[in-house]
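Visitor: sequence below, structure please.
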Amino acid sequence: MTPLTPKSIATPSLLSQIIMCKYQFGLPLYRQETLFSDIGIELSRQTMSSWMLRCAELLSHLYQRLKEILLSQAVIHGDETPLNVINAEKATSYMWLYCCGDDKPGKGTNIDLFDYHNSRAAHCVVDFLDGYQGYMHVDGYKAYEQTKATLVACLAHIRRKFIEAKGNNKKTVKADVALNLIRKLYGIEQAIKGKSVSEKFTVRQQKAKPIVDELYQWLLKHKDKIPPQMALGKAITYAINQFEKFRRYLDDGRLSIDNNRAERAIKPFVIGRKNWLFSNTCNGAHASAILYSIVQTAKANDLVVHDYISTCLQHIAEQPSNLEPLLPWNIKQG
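Guide: Numbers count the residues shown, from 1 in each chain. Prediction:
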């Protein structure tokens, strides 16, 4: 393959290998430097870092095209997680995630996009969504409320609060009542998995809605009986505050009962962060956001990451304005 930079060994295949090792398998560049050295190749982490910036620049147009498609979907998911960037104005930065589809190849449009900011402020998500007015599955973070999206809250987060309230105390009967009702709701979702949108809507209205109503009445009944400073009181308060947004999943079969799609998508980044710990610069973090996006979107579409990125780099170097053949579902069709 032809090198992407003059007088360089940086072929699309080699670049894809480095990207795959870091962003799919969490292998930091300094460890890759050691691996290359062990097989007699002198390749510094500084050189590889500059290559990653160049690759992100080449892939940025594909990222923007994927963003356009993401924001054209009726339903998306969002989440965010901290990131340590050494040379940033604020001590803690954030990697925001936006995704769509159910990350099951062959079902819907699967896209995972990361967006770096040295902030967790609402303008980050508002700017990215750019007026998006569809449904958005999120947790309880207030920043999402400033968007124009119709928010759908996550039952998994509500459930987690009650599990924390229960702790190791097997006699926490009140928490068990809520958890049992939540368990029934998940049982219904398991039973309708793979069903059509209309079938999901019908079953939820018939079977899930009465349980949702029962859960809400239980919450209202106990909100003044349990001190708000107690773990159970906090769980009840959180659930009540999220309930209007949560119960929206009943009204549209395209919606999910929770935001686990986003949590699954952001998990590889969180695991990788434990290995490479931080980014040095904001430019590097922005590049990482693009490269993670391409890697995770390839995985969500059941593509071989190395082959997909290598193909994208070679194609973009030769035909930078022709991006449609590189969309994951088009690649799969040849």
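Visitor: against which helices or strands is the lengthiest helix in the chain packed?
Guide: Using DSSP state H to define each element, the chain has its longest helix at helix 45-70. Under the contact criterion of 3 or more CB pairs under 8 Å, 6 or more residues apart in numbering; DSSP states H and E, helix 45-70 touches helix 12-19, helix 29-38, strand 93-100, strand 111-117, helix 282-300, helix 305-318. C-beta here means a position set from N, CA and C on the backbone, and glycine is covered the same way.
Visitor: could you dump the fourth one to CSV, C-alpha only?
Guide: I take that to be strand 111-117. Coordinates of each C-alpha in strand 111-117 appear next as CSV, following Å, rounded to 0.1, in the frame of the first residue of the first chain:
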residue,chain,number,x,y,z
ILE,A,111,-23.4,4.6,14.6
ASP,A,112,-21.2,5.5,17.7
LEU,A,113,-19.8,9.0,17.8
PHE,A,114,-17.5,10.5,20.5
ASP,A,115,-17.2,14.3,21.0
TYR,A,116,-14.5,15.8,23.2
HIS,A,117,-14.9,18.9,25.3
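Visitor: which helices and strands sit right next to it?
Guide: helix 45-70, strand 93-100, helix 122-129, helix 282-300.
Visitor: I'd like these as CSV, with mean neighbour count appended.
Guide: CSV is the format used below for the helices and strands packed on strand 111-117 (neighbours: other CB atoms under 10 Å):
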stretch, mean neighbour count
helix 45-70, 17
strand 93-100, 24
helix 122-129, 17
helix 282-300, 23
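Visitor: closest to Asp79 out of those?
Guide: Asp79 lies closest to strand 93-100 among the helices and strands packed on strand 111-117, at 4.8 Å (CB to CB).
Visitor: run the angle between the closest one and helix 282-300 for me.
Guide: 30 degrees (axes from the mean of the first three to the mean of the last three CA atoms, to 10 degrees).
Visitor: sorry, back to before: what would the helices and strands packed on helix 45-70 look like in CSV with mean pLDDT and distance to Val197?
Guide: Below are those laid out as CSV (pLDDT from 0 to 100; distance: least, CB to CB, whole Å):
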stretch, mean pLDDT, distance to Val197
helix 12-19, 94, 36
helix 29-38, 90, 45
strand 93-100, 95, 15
strand 111-117, 96, 20
helix 282-300, 94, 20
helix 305-318, 94, 30
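Visitor: any stretches of the stretch 201-334 of the chain with poor pLDDT?
Guide: 276-277, 332-334 (pLDDT under 70).
Visitor: spatially nearest residue to Leu179 (excluding sequence neighbours)?
Guide: Phe162 (5.3 Å; CB to CB, 6 or more residues apart in numbering).
Visitor: repeat that for Ile266.
Guide: Leu97 (4.6 Å).
Visitor: again with Asp176
Guide: Lys166 is the one closest to Asp176 (CB to CB, 6+ apart), at 7.0 Å.
Visitor: next one: Asp79
Guide: Ala262 (4.0 Å).
Visitor: I'd assumed Ala208 was in contact with Gly253.
Guide: No - assessed by CB atoms under 8 Å, Gly253 is found out of contact with Ala208, at 11.4 Å.
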